[in-house]
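Peer 1: here are the coordinates; sequence isn't available:
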């Protein structure tokens, strides 16, 4: 091979290696950027909780170690948003998220589906579901200080014991649908929370909260505004 041909081949090989390296680096950067986008998309920027997409990605695996699926819908949140503005509304959502996190077991999966609706999977003792549900709602509806004032946000919750569902292993969509149905029954009967029991469907579930009647329960009631004690 003539010297100039050898130099040309060597240069071409070097250029190919550089191009391959640049291509690999670009692909790696793209993958990293996409992974970051997915991670961001899976987290709610307001509360830091999983989003709906994050929930759908994480919850199926969590079903195997959970006993209860719950759906939470805040009552009176729109009025707080309209009265005090979205920044205050975001603050309320963060406080509610923190309170719920304080009640749920550490290994629970907890997500904000959108607006003022939340969902969770937790490993609760089925014998204590009533006590735990009351504790959860008491935490959510406790007075929330806003400067010199305090507001109370209500909550309607639907709960389903995964063992009560027909499909085994449990399907995530079935669990959320059952919890959603129970939540709307809780809202309809203004009882705070309801437990779904498919054996009694379409009759209302037998279990309901024992919380005092003065709790803010209506969907969209005028929230209670008062001065912080």
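Peer 2: Looks like it came in fine. The model shown is predicted, which means the values in this text are computed figures rather than measured ones.
Peer 1: What ranges does the chain have for its strands?
Peer 2: 68-75, 109-114, 117-122, 144-146, 149-152, 154-161, 193-196, 224-227 (DSSP state E).
Peer 1: Ok, which of those strands comes nearest residue 42?
Peer 2: Set against residue 42 and scored by CB to CB, the strands of the chain come closest in strand 109-114, at 9.2 Å. Just so you know, the C-beta spots here come from the backbone N, C-alpha and C atoms, and that holds for glycine as well.
Peer 1: now residue 188: how far from residue 60?
Peer 2: Relative to residue 60, residue 188 is positioned 30 Å away (CB to CB, to the nearest Å).
Peer 1: between these two, which one's more packed in?
Peer 2: For residue 188 versus residue 60, neighbours defined as other CB atoms under 10 Å are more numerous around residue 60 (15 against 12).
Peer 1: check contacts around that one.
Peer 2: By CB atoms under 8 Å, 6 or more residues apart in numbering, residue 60 lies in contact with residue 172.
Peer 1: Also residue 97?
Peer 2: Residue 97 touches 47, 48, 49, 110, 112, 118, counting by CB under 8 Å, 6+ apart.
Peer 1: Now rank those by neighbours and give me the top one.
Peer 2: residue 118 (27 neighbours).
Peer 1: And the pLDDT for residue 187?
Peer 2: At residue 187, the pLDDT value in this model is 92.
Peer 1: what does residue 228 give?
Peer 2: For residue 228, the model assigns a pLDDT of 36.
Peer 1: cool, and residue 141?
Peer 2: 96.
Peer 1: Walking through this structure, point out its helices one by one.
Peer 2: 3-41, 52-62, 77-84, 86-103, 129-141, 172-189 (DSSP state H).
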